[in-house]
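J.: everything below, folded, please.
(6 chains)
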Number of protein chains: 4
Amino acid sequence: MPVPLSPRKAPRQARALVTHDAIVEAAAHIIAQGGLAAFNTNVVAGRAGVSIGSLYQYFPNKDALMVALIHRQQARQLEALTAAVSRVSGENLETVIRAVVRAAMQHHHDDSLLASAIDHEEARLPIDSILNGYLDRGGALVAALLARFAREIRPLDADHAERTLPALVRAVTDAWANLSPPRLDVAEDEAVRAVLGYLR
Amino acid sequence: MPVPLSPRKAPRQARALVTHDAIVEAAAHIIAQGGLAAFNTNVVAGRAGVSIGSLYQYFPNKDALMVALIHRQQARQLEALTAAVSRVSGENLETVIRAVVRAAMQHHHDDSLLASAIDHEEARLPIDSILNGYLDRGGALVAALLARFAREIRPLDADHAERTLPALVRAVTDAWANLSPPRLDVAEDEAVRAVLGYLR
Amino acid sequence: MPVPLSPRKAPRQARALVTHDAIVEAAAHIIAQGGLAAFNTNVVAGRAGVSIGSLYQYFPNKDALMVALIHRQQARQLEALTAAVSRVSGENLETVIRAVVRAAMQHHHDDSLLASAIDHEEARLPIDSILNGYLDRGGALVAALLARFAREIRPLDADHAERTLPALVRAVTDAWANLSPPRLDVAEDEAVRAVLGYLR
Amino acid sequence: MPVPLSPRKAPRQARALVTHDAIVEAAAHIIAQGGLAAFNTNVVAGRAGVSIGSLYQYFPNKDALMVALIHRQQARQLEALTAAVSRVSGENLETVIRAVVRAAMQHHHDDSLLASAIDHEEARLPIDSILNGYLDRGGALVAALLARFAREIRPLDADHAERTLPALVRAVTDAWANLSPPRLDVAEDEAVRAVLGYLR
DNA sequence: CATGAATGAGTGTTCATTCAT
DNA sequence: AATGAATGAACACTCATTCAT
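T.: Next comes the predicted model:
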């Protein structure tokens, strides 16, 4: 019998939703501070201000909480991307790319431990369908952009670009944001250069 | 007193070196199969064919074993890169890039769990100086290539390129190798395109 | 960061207090039977009838349990001494001394292993302030007695007597109670003789 | 089958004797520093400058090493006592007592951890006959002294005094030597007072 | 529903002891 | 004899999960 990974209850009431989010938020904070090694349901419950029993009312097990956290991070990323794209709807290619890069960078701010933890758990957990959902929606955004600037870029396979481009942005961001001190300015410039280079 | 992360004994005799490597190899295998969640010193010792006591003769604690594994992966990567570069010394830019990309991809073969685990542990453990050592050596290789093809590429900051380029390759590889089935052919093409785009 | 030695939770509920005491009692029993070599948290938990997890809810580590045991023994000793003194408030010097000696002996009954174990752990653990607290309270009792019989004893430094007298009683008790069979009758006579000799 | 506690070989050759003593000496040092909790055969061998294998050539097990250490301490104490007594052969009672007290104190210098450890192990190990041997020899010394000063002391049971007096000295010494800083001067005065009080 | 005490399988680590060299 | 690498039973301690209140 496979271990259930979906939330135990669809949080319908407002209070339940608040508690649910508080727990996921606490998990994110704990992992951002100490990595997967510090990810402990009792500690998460404590930081969320709920009892360990309540945590298990919302999540049937630890992996399910991890999945909820993955959902949150993916949704946030997608949301930020969407917002960034709509914000620069009339601008030229480079401005748009820069806006998108900036949005993607926001969530890597000082959470490199959280980001790499989620990477690893995404690979470990059987959640391909979930991830593909987010990937498709992100891909659609990218495809729309590619179509819009079709004249300025060289011909390319949209399916490929949809997967390659976000990876590009993410990698460059990681490489430059994890220094001490982080070089977010360089990260942005380098990511923009990489994306434009790939496209043109 | 910080927890010691360096190996307990410099393995001098041949047998000791073999044992040391067998343990690190076993750790790599365990993590590649089950992720960090399956990384367990007793299991590693078992798979390495040594007693748990022997494992602790070579590594003062679990983190030290992880550090040794990080060393191994970094060294292998660097070695593969160096070999690839020297193998294509007379070729043109694209051929060289393709060779380098192929070398970098080799170690992501079917070890995406291992790769992401190491990413995460590199961020968690206090081993900046170790990582910078490998980064510098990889950077030197890149810098040499950049100098060789200076005429074909646009002017760029070598310090930036040294850090951005390996990240590019890695990210694109990750994105395409972690599918099921992996699309290593696409990964190679996309990575080459990204690198050439960045450079030209 | 020094290892914490204080109890993990102040036991508030009645049940918690019972559990706490059961664990300490079990520790005392285990050590009395087999000495420090037999003092093992898993065995203590088993004898206390609680799980090992519960033991660690009450005590952050093994040393903290030892400290609680030291507290218990010191408190018992002090309590017995106080009771003995108040019980013979109107009697003459020798009667009082004999009562005090008898009280002090009670806890060496057949626990010589426990007594010597606690001696050793008191010397090993950084708990001077705790021990001084009990010493001071015991000293106050002795000082009151000395004052009461000031006319019958030779002039002496009360500070010295407070520390020397309990040691005297304890040593003589040890010497005679650890025989097989124990000679508690001789122990009492000898201790009384030593104390009276010291005082007069 | 009871575990053997006697030395594996009677060390006949000079070199073997040196090694034997070095091991016992190392054990004493380790325990004096860290108590029984730090008493570890591998560490002892290291400090003694021999291999762990050699240690087990001289002692069949850890308890046997402990017994050898007990022998050493008892022998030293007896030796010191004998020397002290013969050194003051013509003096008066108080001078003799003071010399004996001083001799007894010497070995408690800053070894309270070692002393209490040995106490505890003497109670745990089945070595009554060994201990009685030392007790008898010490008792004989005391008996001789008592006989010599028979006129100055009140009538007492020599068997009792033989056991009580050393305990007295030891306890008072412990009580005053384990302070920080140790009050060896007070210890001496108090011990002399206690002994003279007991005798007169 | 919420709580948090309790559980106990599991895991990291130690250390007495052995034995091939 | 001497060595020290190797062993593995034993132990301190953790933490996901349950359930009586």
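
J.: only C-alpha atoms for contact and neighbour calcs from this point on.
T.: OK.

J.: for the closest residue to chain C within chain A, which non-adjacent residue is spatially closest?
T.: Residue of chain A nearest chain C, by CA to the nearest CA: A:Asn42 (12.8 Å). Residue nearest to A:Asn42 in three dimensions, not counting chain neighbours: A:Ile52, with 5.8 Å by CA to CA, 6 or more residues apart in numbering or on different chains.

J.: report the separation between the one you found and A:His71.
T.: 22 Å (CA to CA, to the nearest Å).

J.: contacts made by the lowest-mean-pLDDT helix or strand in chain A with the rest, please.
T.: When each helix and strand of chain A is scored by mean pLDDT, DSSP states H and E, helix A:158-177 comes last, with a mean of 87. With contacts defined as CA atoms under 8 Å, 6 or more residues apart in numbering or on different chains, helix A:158-177 is touched by A:101, A:104-105, A:108-110, A:112, A:135, A:138-140, A:142-143, A:146, A:182-184, A:186-188, A:190-192, A:194-195, B:163-164, B:167-168, B:170-172, B:175-176, B:186, B:190.

J.: tell me the angle of that helix relative to helix B:158-177?
T.: 140 degrees (axes from the mean of the first three to the mean of the last three CA atoms, to 10 degrees).

J.: run through chain A and note the low-pLDDT ranges.
T.: Residue ranges of chain A with pLDDT under 70: A:1-3, A:7-12, A:108-110.

J.: please redo it, this time with the cut-off set to 80
T.: Applying pLDDT under 80 to chain A flags the ranges A:1-14, A:106-110, A:178-180.

J.: can you show me the helices along it?
T.: For chain A, helices defined by DSSP state H occupy the ranges A:14-34, A:41-48, A:52-58, A:62-87, A:93-106, A:112-124, A:128-148, A:158-177, A:184-199.

J.: could you dump those helices to CSV with mean neighbour count?
T.: Formatted as CSV, the helices of chain A follow (neighbours: other CA atoms under 10 Å in any protein chain shown):
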stretch, mean neighbour count
helix A:14-34, 18
helix A:41-48, 18
helix A:52-58, 16
helix A:62-87, 18
helix A:93-106, 20
helix A:112-124, 22
helix A:128-148, 15
helix A:158-177, 22
helix A:184-199, 21
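
J.: to DNA strand E, which of these lies closest?
T.: DNA strand E lies closest, by CA to the nearest atom of the strand, to one member of the helices of chain A: helix A:52-58, at 3.0 Å.

J.: can I get that closest one in CSV, CA atoms only?
T.: Written as CSV, here are the backbone C-alpha positions of helix A:52-58 (Å, rounded to 0.1, in the frame of the first residue of the first chain):
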residue,chain,number,x,y,z
ILE,A,52,2.3,17.8,16.7
GLY,A,53,-1.1,16.1,16.8
SER,A,54,-2.6,19.0,14.8
LEU,A,55,0.1,18.7,12.2
TYR,A,56,-0.9,15.1,11.6
GLN,A,57,-4.5,16.3,11.2
TYR,A,58,-3.4,18.2,8.2
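
J.: can it be found next to DNA strand F?
T.: Yes: under the criterion of CA under 7 Å from any atom of the strand, DNA strand F is reached by helix A:52-58 at A:52-53, A:56.

J.: which residues touch A:Pro4?
T.: A:60-61, A:64 are the contacts of A:Pro4 under CA under 8 Å, 6+ apart.

J.: could you give the angle of the least confident helix or strand of chain A to helix A:184-199?
T.: If you take the same axes, to 10 degrees, helix A:158-177 sits at 160 degrees to helix A:184-199.

J.: quick one: work out the angle between helix A:158-177 and helix A:112-124.
T.: Using the same axes, to 10 degrees: helix A:158-177 against helix A:112-124 is 140 degrees.

J.: neighbours of A:Leu156, how many?
T.: Per other CA atoms under 10 Å in any protein chain shown, the neighbour tally for A:Leu156 reads 13.

J.: any idea how far the residue of chain A found nearest chain B is from C:Leu65?
T.: Per CA to the nearest CA, A:Gly197 is where chain A lies closest to chain B, at 3.7 Å. Distance of A:Gly197 to C:Leu65, given as CA to CA: 65 Å.

J.: thinking again about what came up before, reformat the helices of chain A as TSV; add distance to B:Thr82.
T.: Listed next are the helices of chain A as TSV, based on distance: least, CA to CA, whole Å:
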stretch	distance to B:Thr82
helix A:14-34	35
helix A:41-48	44
helix A:52-58	50
helix A:62-87	37
helix A:93-106	31
helix A:112-124	27
helix A:128-148	35
helix A:158-177	21
helix A:184-199	24
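
J.: surely the residue nearest to A:Asn42 meets A:Ala45?
T.: Yes: with contact defined as CA atoms under 8 Å, A:Ile52 counts as touching A:Ala45 (5.3 Å).

J.: shouldn't A:Phe39 be in contact with A:Ile31?
T.: Yes: the criterion here is CA under 8 Å, and A:Phe39 meets it with A:Ile31 at 5.7 Å.

J.: what is the neighbour count of A:Ala150?
T.: 13.

J.: make that A:Glu91, sorry
T.: 11.

J.: measure it to chain D for me?
T.: 72 Å (CA to the nearest CA, to the nearest Å).

J.: one more: A:Ser129?
T.: Distance from A:Ser129 to chain D, by CA to the nearest CA: 55 Å.

J.: equivalent analysis for A:Arg183, please.
T.: Applying CA to the nearest CA, the value for A:Arg183 to chain D is 49 Å.

J.: show me the contacts for that residue.
T.: By CA under 8 Å, 6+ apart, the neighbours of A:Arg183 are A:176-177.

J.: any idea how many residues pack against A:Pro181?
T.: Quick note: A:Pro181 (other CA under 10 Å) scores 8 neighbours.

J.: around DNA strand E, pick out the residues from chain A.
T.: Residues of chain A lying near DNA strand E (CA under 7 Å from any atom of the strand): A:16, A:50-54, A:57.

J.: which parts of chain A sit against chain B?
T.: A:34-35, A:112-113, A:116-117, A:119-120, A:123-124, A:160, A:163-164, A:167-168, A:170-172, A:175-176, A:186, A:190, A:193-200 (CA under 8 Å from any CA of the partner chain).

J.: residues making contact with stretch A:75-82?
T.: A:100, A:103-104, A:107, A:134, A:137-138, A:141.

J.: A:Ile23: which of those is nearest?
T.: Set against A:Ile23, the nearest of the contacts of stretch A:75-82 by CA to CA is A:His107 (18.9 Å).

J.: excluding sequence neighbours, find me the nearest residue to that closest one.
T.: A:Gln77 (7.2 Å).

J.: the one you found and chain D, how far apart?
T.: 54 Å.

J.: likewise for A:Ser89?
T.: According to CA to the nearest CA, A:Ser89 stands 71 Å off from chain D.

J.: same deal with A:Leu196?
T.: Distance of A:Leu196 to chain D, computed by CA to the nearest CA: 63 Å.

J.: is that residue in contact with A:Glu94, as I believe?
T.: Yes: when contacts are counted by CA under 8 Å, A:Leu196 is listed as touching A:Glu94 (7.4 Å).

J.: shared neighbours of these two, anything?
T.: With CA under 8 Å, 6+ apart, A:Leu196 and A:Glu94 have no common neighbours.
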